[in-house]
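# what's the 3D shape of this:
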Amino acid sequence: MDRPIVRPWWREPKWAYAGIGASAVFALTALTSLSVPQRSLRADRDRLTIATVIEGEFHDFIPLRAQVVPRETVYLDALEGGRVDRVFVEPGDFVTVGQPIVQLSNTELELNVLDREARLIESLTQLQLYQTQLEQNRLANDTALANIEYEIVRLTRASQRRKRLAANGMVPQEESQALQDELEHMLRLKPLQGESNERQNALRIRQLPQIDAQLEKLQKDIEITRSKLDNLMVRAPVDGRMTAIDLKVGENRNRGERLGEITPDSGFKLIAAVDEYYLGRLHKGQSATVKIDERDWPLRVVRVYPQVRGGTFNVDLAFEGTPPEGLLPGQAVQGKFALETKSNATMLPTGPFLQHTGGDWIFVLGEDGETAYRRRIRLGRRNIEQLEVLSGLEPGERVITSDYSSYEKVERIDLR
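So this is what the prediction gives:
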């Protein structure tokens, strides 16, 4: 039996046409969304800083903010620890070489010095006795050889007389033979004694320089040992001004501890902290200027410290010629480093926008002046006033250089 076929509701013509319409609406919406500009923002023109890109002379320099410090500083450290008994100077006093600064006391050190000095003197005395003994042995050996030579001469003469008397029968033959035997004995002893003397003398000659060196070393050790007590009196090593000393009578200070500072009268230098961006562009001998008392003073870089700490590195500078009068340690001054000669470049003024963009992009005003668009750029040299533009901008274009803290995700700014 035939049964009528019922078409599903979604296949009804009216619903099919509705689906086609919905698909068309969806596609149109998607196309419309693609054609809509990316995120934009309105901003008051009066609150923005707008600058013009120009073609001109780029002054390549680095801002300089430095501090006046003494050219040399001599530190006073405790060579020997001890108790502070007296303090002879105060901060700001002028001291001369050898002037007493601090008197320390150390009972344990004094006992150690006395004990060591006694042992060194004992060793010194023993060496001197040995040196004397060597000389006495040399004298005894020379005396023994001289005695043998004397006996040989005496016995030779006596033997000759006895032989003549024995030949005439005036003395027994035995006496003549006894003298001859004694003479021959002495003749055999002489080379033995001479050989012994030569060996002992050679040994003495080798030992005497060593003994003298040991005696000299012991004398120096004794002087050094005694000087340890002298170190308890801290004296000024140079002429200068006592810039730092903070000691109280009765306090204890350990060996090597800092006691104070002396600033010799050798002039001043400047220490400047420079941004790490310029580390590869500063070198020894480079010129700079600083403004003091409304006058520019020439400087020269004498040392560049390559260690970067907190985003900066330090540079030492010295005055070219006579420095200004009235400089005070710790005084802050401002100036600039001259990096290269002046050259033509495409430039724009510096501004707060660098803090957020790093110089990678900027908002550029359109021809109507009512809209600014985000654009990629590339910057080169920079100073506190100018930025060198390598690509992305042309002279005459206008850009926004004010703060971008609210524009990091914005592609377009509408001005009102």
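# For the protein, which segments count as helices?
With DSSP state H as the criterion, the chain has helices at 13-35, 107-167, 173-230, 354-357.
# wait, which of those helices is closest to Glu251?
Ranking these by proximity to Glu251 (CB to CB) places helix 107-167 first, at 16.1 Å. Glycine gets a C-beta too; all of them are placed from N, C-alpha and C.
# Least reliable of the helices of the chain by average pLDDT, please.
In terms of average pLDDT, helix 13-35 trails the rest of these, at a mean of 49.
# Out of the helices of the chain, which is closest to Leu379?
helix 354-357 (8.5 Å).
# distance between the closest one and the chain's centre?
Computed by CA atoms, centre = their mean, to the nearest Å, the chain-centroid distance of helix 354-357 equals 36 Å.
# How about residues contacting it?
Applying CB atoms under 8 Å, 6 or more residues apart in numbering, the contact partners of helix 354-357 are 387, 403-405, 407-408.
# mind running it again at 6 Å?
Here helix 354-357 makes contact (CB atoms under 6 Å, 6 or more residues apart in numbering) with 404, 408.
# do the same with stretch 97-117
Residues contacting stretch 97-117 (CB under 6 Å, 6+ apart): 80, 82-83, 85-89, 225, 228-229, 232-236, 239.
# Can I have the buried ones of these as a ChimeraX selection?
Buried residues among the contacts of stretch 97-117 (16 or more other CB atoms under 10 Å), as a ChimeraX selection:
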select :80,82,87,88,89,225,228,232,234,235,236
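# Just the contacts of stretch 97-117: which are in strands?
Counting by DSSP state E, the contacts of stretch 97-117 place 82-83, 85-87, 233-235 in strands.
# Can you pick out the most distant pair from those residues?
Greatest spatial distance among the ones in strands among the contacts of stretch 97-117 (CB to CB): Arg83 and Arg235, at 17.9 Å.
# Quick one: the helices of the chain as TSV, columns for distance to Gly250 too.
Listed next are these as TSV, based on distance: least, CB to CB, whole Å:
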stretch	distance to Gly250
helix 13-35	84
helix 107-167	15
helix 173-230	20
helix 354-357	55
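# mind showing which ranges of the stretch 301-416 of the chain have poor pLDDT?
339-342 (pLDDT under 70).
# all strands of it, in order?
Here the stretch 301-416 of the chain has its strands, by DSSP state E, counting those that start in this stretch, at 312-319, 332-338, 343-349, 361-365, 371-376, 378-382, 386-391, 398-400, 412-415.
# which residues touch stretch 211-227?
Applying CB under 6 Å, 6+ apart, the set of residues contacting stretch 211-227 is 113, 116-117, 120, 123-124, 127, 131.
# mind running it again at 10 Å?
79-80, 112-128, 130-131, 134, 204, 230 (CB atoms under 10 Å, 6 or more residues apart in numbering).
# Could you pick out the buried ones from those?
Using 16+ other CB under 10 Å as the burial test, these include 80, 113, 116-117, 120, 123-124, 127, 131, 134, 204 as buried.
# How many residues are close by the closest residue to Leu279 other than its chain neighbours?
Excluding the flanking residues, the one nearest Leu279 by CB to CB, 6 or more residues apart in numbering is Phe313, at 5.6 Å. If you count neighbours by other CB atoms under 10 Å, Phe313 ends up with 19.
# cool, and Val102?
Val102 has 23 nearby residues by other CB under 10 Å.
# Likewise for Pro264?
15.
# OK, contacts around it?
70-74, 237-241.
# same thing but at 6 Å, please
72, 238, 240.
# From what I see, the second one and Val74 are in contact.
Yes - look at Val238 against Val74 with CB atoms under 6 Å: they come within range, at 5.4 Å.
# so what's the most centrally placed residue in the chain up against?
Against the mean C-alpha coordinate of the chain, by CA atoms, centre = their mean, the closest residue is Tyr305 at 9.4 Å. Residues near Tyr305 by CB under 6 Å, 6+ apart: 313-314.
# could you measure it against Ile62, distance?
Separation of Tyr305 from Ile62 (CB to CB, to the nearest Å) stands at 16 Å.
# before we move on, what about Leu114?
62 Å.
# same deal with Phe363?
Phe363 is 27 Å from Ile62, by CB to CB.
# Those two: who's more crowded?
Phe363 (25 against 22).
# quick one: contacts for Asn314?
Asn314 makes contact with 271, 273, 305, according to CB under 6 Å, 6+ apart.
# out of the residues you listed, who's nearest Ser391?
For those, the nearest to Ser391 is Ala273 (31.7 Å; CB to CB).
# How many residues are close by the closest one?
Count around Ala273 with other CB under 10 Å applied: 16.
# If the closest residue to it other than its chain neighbours is in a bridge, with which residues?
Computed as CB to CB, 6+ apart, the closest residue to Ala273 that is not its neighbour in sequence is Thr312, at 4.3 Å. Beta-bridge partners recorded for Thr312 (DSSP bridges): Asp275, Arg309.
# what's the spacing between Thr312 and Ile62?
12 Å.
# and if you look at Pro352?
From Pro352 to Ile62 the distance is 19 Å (CB to CB).
# again, but for Arg382
Counting by CB to CB, the gap from Arg382 to Ile62 is 9 Å.
# And for Leu192?
For Leu192, the distance to Ile62 - CB to CB - is 91 Å.
# same thing with Gln307?
Gln307 is 18 Å from Ile62, where distance means CB to CB.
# How about Asp293?
From Asp293 to Ile62 the distance is 22 Å (CB to CB).
# swap in Glu216?
From Glu216 to Ile62 the distance is 59 Å (CB to CB).
# How about Lys220?
Lys220 is 54 Å from Ile62, by CB to CB.
# Alright, that wraps it up for me.
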